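>>> Structure of the sequence below:
(one chain, ligands or ions: 1)
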Amino acid sequence: MGPFAYRNGALHAETVDLARIAAEVQTPVYVYSTAGLEANYRGFIDAFEGTPPLICFAVKANSNTAVLATFARLGAGADVVSGGELRRALDAGIPPERIVFSGVGKTAAEFEQALTAGIRQINVESRPELELLSEVAAARGLRAPVALRVNPDVDAKTHHKISTGKSINKFGIPWSECPGLVAQAVALPGISLQGLAVHIGSQITELDAFEAAFRRVVECFVGLRGLYPDAMRRLDLGGGLGISYEREAMPAFRDYARIVRRALAGVDCEIVLEPGRALVASAGVLLTRVLYVKEAEGRRFVIVDAAMNDLIRPAMYDAFHRIVPVREPAAGAALAPVDVVGPVCETADTFALQRPLPTVRAGDLLVFADAGAYGAVMSSVYNSRPLVPEVLVKDDGFAIVRERVSDDAMLRFERMPDWLKPRTVADRSASAGRR
Ligand SMILES: *Cc1c(COP(=O)(O)O)cnc(C)c1O
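A predicted model of the protein is given here:
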């Protein structure tokens with residue numbers, strides 16, 4: 001598990017025993033490894049051998065500001081999809097000139113925020129969005145740096161809920177409208193067109209899908225460049241590279257880099273990539289404690305204190321996460337199938353069905369592996385469960401980088417309307433007097 005490995009019979013993050021984190025912070029808790037984040041980032045950069053593109057980490061995969069600051073120190077940029085993510089990226093020290101802003105539904109207020117910050121590029125996904133951005137920028141006497149996100153209509157061959165590059169998906173500009181929109185962008189007063197962008201989906205495990213998308217976009221780019229040389233300087237090839245959740249064979253960073261280089265052979269332009277999952281998934285685990293082991297009709301349920309509100313990927317995408325005991329099982333320990341479930345009142349609150357695991361008992365600690373991407377960021381407070389905390393490990397130490405949110409803090413955001421407020425004694429006697 002890279003930065004997560006057994007030492008002296010206990011699973012560690014770098015050289016910190018996960019049982020120590022569980023004792024000090026309580027469970028459930030996300031644990032990230034600095035070494036894991038750094039190794040992923042450096043591995044990705046190194047795969048491009050000397051000519052690394054600008055790596056804009058897709059903040060939505062893990063937006064914890066300590067994680068962002070770790071990447072910022074390595075020179076990473078950020079791909080953000082909301083004003084909130086932009087704020088986080090800036091707070092974490094990512095320079096605005098390395099930030100790109102994606103998403104189908106950006107608001108005028110978000111355009112203002114992006115222009116004020118002076119970010120590198122706004123990825124525009126429709127004609128009305130382009131027109132609104134031009135208005136907002138022109139009103140301030142600015143030209144917004146823009147890449148047009150095209151929808152290449154290729155099948156990313158991934159889960160349908162995370163596929164974005166087919167014409168039926170809401171993302172990007174339809175292929176046929178691209179030349180017309182480029183002409184319009186070049187003419188608009190508030191737009192400075194920089195190039196094209198593409199992103200076909202997430203957890204993509206077949207390089208052919210990338211290759212098909214990149215080829216289409218590069219072809220379009222080269223054609224348009226003949227007409228508008230100044231507006232076609234930059235290609236943003238998005239993110240989407242998958243990781244090996246089940247230890248299945250997976251394209252390495254180098255294979256992916258080779259596809260990028262091949263698609264761009266002979267095209268001299270600036271390249272932006274937006275990897276999210278591939279940089280963070282393997283650098284995080286969700287640490288949980290077994291509450292009960294319940295036997296029912298011959299089925300064994302392992303009920304843990306993490307739930308779908310903390311890690312929704314299994315419920316939402318039928319995703320698989322390896323489940324690893326913190327106490328190292330004896331060599332050759334027998335495995336028996338169990339259902340690993342959380343406490344939330346939903347059948348979907350199931351992490352694994354009939355998963356072969358060594359014997360686990362109440363009180364044991366387990367981790368869900370490869371939970372550093374789309375884990376904590378998608379957590380909720382469903383069932384009034386407190387927002388899950390996050391810990392960042394570095395070498396032999398760790399820091400809480402998001403506190404466990406208390407019930408008091410959660411209730412502070414709620415307001416009781418006057419008519420439901422508990423009545424005071426004076427109120428009651430006044431209404432008694434009226435009767
Ligand atoms: C989600 C997203 C990414 C990152 O996707 P990963 O699969 O996490 O690499 C990159 N770019 C855009 C536009 C996205 O929406």
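
>>> buried stuff in stretch 194-212?
Residues of stretch 194-212 classed as buried by neighbour count (16 or more other Cβ atoms under 10 Å): 194-205, 209-212. Glycine gets a C-beta too; all of them are placed from N, C-alpha and C.

>>> That should have said stretch 42-56, apologies.
The neighbour-count criterion (16+ other Cβ under 10 Å) identifies Phe44, Ile45, Ala47, Phe48, Pro53, Leu54, Ile55, Cys56 as the buried residues of stretch 42-56.

>>> any idea which element Pro189 lies in?
Mapping Pro189 onto the secondary structure by DSSP states H and E places it in no helix or strand at all.

>>> got a list of what it touches?
Contacts for Pro189 were tallied using Cβ atoms under 8 Å, 6 or more residues apart in numbering; they are Ser134, Ala138, Arg143.

>>> from memory the last one sits against Leu193, does it?
So the one you mean is Arg143. No. With the criterion set as Cβ atoms under 8 Å, Arg143 and Leu193 do not qualify as a contacting pair; they are 9.2 Å apart.

>>> neighbour count winner among these two?
When Arg143 is set against Leu193 and neighbours are counted by other Cβ atoms under 10 Å, the residue ahead is Leu193, at 28 against 16.

>>> who touches the closest residue to that one other than its chain neighbours in this structure?
Closest residue to Leu193 in three dimensions, ignoring its sequence neighbours and counting by Cβ to Cβ, 6 or more residues apart in numbering: Ala231, at 3.8 Å. The contact partners of Ala231, taken as Cβ under 8 Å, 6+ apart, are Val182, Ala185, Val186, Leu193, Gln194, Gly195, Leu224.

>>> just Ala281 next, same as before
Contacts of Ala281 were listed using Cβ under 8 Å, 6+ apart, and they are Ala61, Ile243, Tyr245, Asp370, Ala371, Gly372, Ala373, Tyr374.

>>> any idea which of the buried residues of stretch 194-212 is closest to Pro128?
The closest of the buried residues of stretch 194-212 to Pro128 turns out to be Ala197 (Cβ to Cβ; 17.6 Å).

>>> For beta bridges, what are the partners of the residue nearest to the closest one when sequence neighbours are not counted?
Excluding its sequence neighbours, the residue lying closest to Ala197 (Cβ to Cβ, 6+ apart) is Asp236, at 3.7 Å. Beta bridges link Asp236 to Ala197, Val272 when assigned by DSSP bridges.

>>> gap between Asp236 and Val198?
Applying Cβ to Cβ, to the nearest Å, the value for Asp236 to Val198 is 7 Å.

>>> Find residues that contact each of those two.
Jointly contacting Asp236 and Val198 under the rule Cβ under 8 Å, 6+ apart are Arg149.

>>> State the pLDDT value of the most centrally placed residue in the chain.
Using Cα atoms, centre = their mean, the residue of the chain that lies closest to the mean C-alpha position is Ala61, 1.0 Å off. Note on Ala61: pLDDT of 98.

>>> if I pick it, what's in contact with it?
Contacts of Ala61 were listed using Cβ under 8 Å, 6+ apart, and they are Gly276, Arg277, Leu279, Val280, Ala281, Ala373, Tyr374, Val377.

>>> can I get these in TSV with pLDDT, secondary structure and distance to the ligand?
Formatted as TSV, those follow (pLDDT from 0 to 100; DSSP: H, G, I helix; E, B strand; the rest coil; distance: Cβ to the nearest ligand atom, whole Å):
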residue	pLDDT	secondary structure	distance to the ligand
Gly276	98	coil	3
Arg277	98	helix	4
Leu279	98	helix	8
Val280	98	helix	8
Ala281	98	helix	8
Ala373	98	coil	6
Tyr374	98	coil	7
Val377	98	helix	10
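
>>> pretty sure Arg149 is in a strand, no?
Yes. Residue assignment for Arg149, taken from DSSP: H, G, I helix; E, B strand; the rest coil, places it within a strand.

>>> Reduced to three states, what does Asn123 come out as?
Classification of Asn123 into helix, strand or coil gives strand, according to three-state DSSP.

>>> right, and it touches Asp236 too?
Yes. Assessed by Cβ under 8 Å, Asn123 is found in contact with Asp236 at 6.6 Å.

>>> Could you pull out the residues contacting both of those two?
Val100, Ala147, Arg149, Ala197.

>>> ok, of those residues, which one's closest to Pro128?
Pro128 has its nearest neighbour among the shared contacts of Asn123 and Asp236 in Arg149, at 14.1 Å by Cβ to Cβ.

>>> Check that closest one and give its pLDDT.
Looking at Arg149, its pLDDT is 95.

>>> Next, the buried residues of stretch 105-122.
Lys106, Glu110, Phe111, Gln113, Ala114, Leu115, Ala117, Ile119, Arg120, Gln121, Ile122.

>>> Quick check: end-to-end length of that stretch?
The separation between the terminal residues of stretch 105-122, taken as Cα to Cα, to the nearest Å, is 12 Å.

>>> Repeat that for stretch 187-194.
Distance across stretch 187-194, first residue to last, is 13 Å (Cα to Cα).

>>> and that stretch, how far out from the chain's middle?
Per Cα atoms, centre = their mean, to the nearest Å, the displacement of stretch 187-194 from the mean C-alpha position of its chain is 30 Å.

>>> And for stretch 99-115?
In terms of Cα atoms, centre = their mean, the gap separating the centre of stretch 99-115 from the centre of its chain is 18 Å.

>>> counting contacts, what elements does the longest strand along the chain pack onto?
Here the longest strand in the chain is taken by residue count, with DSSP state E as the criterion, and it is strand 284-296. Under the contact criterion of 3 or more Cβ pairs under 8 Å, 6 or more residues apart in numbering; DSSP states H and E, the helices and strands touching strand 284-296 comprise helix 18-25, strand 29-33, strand 299-304, strand 365-368.
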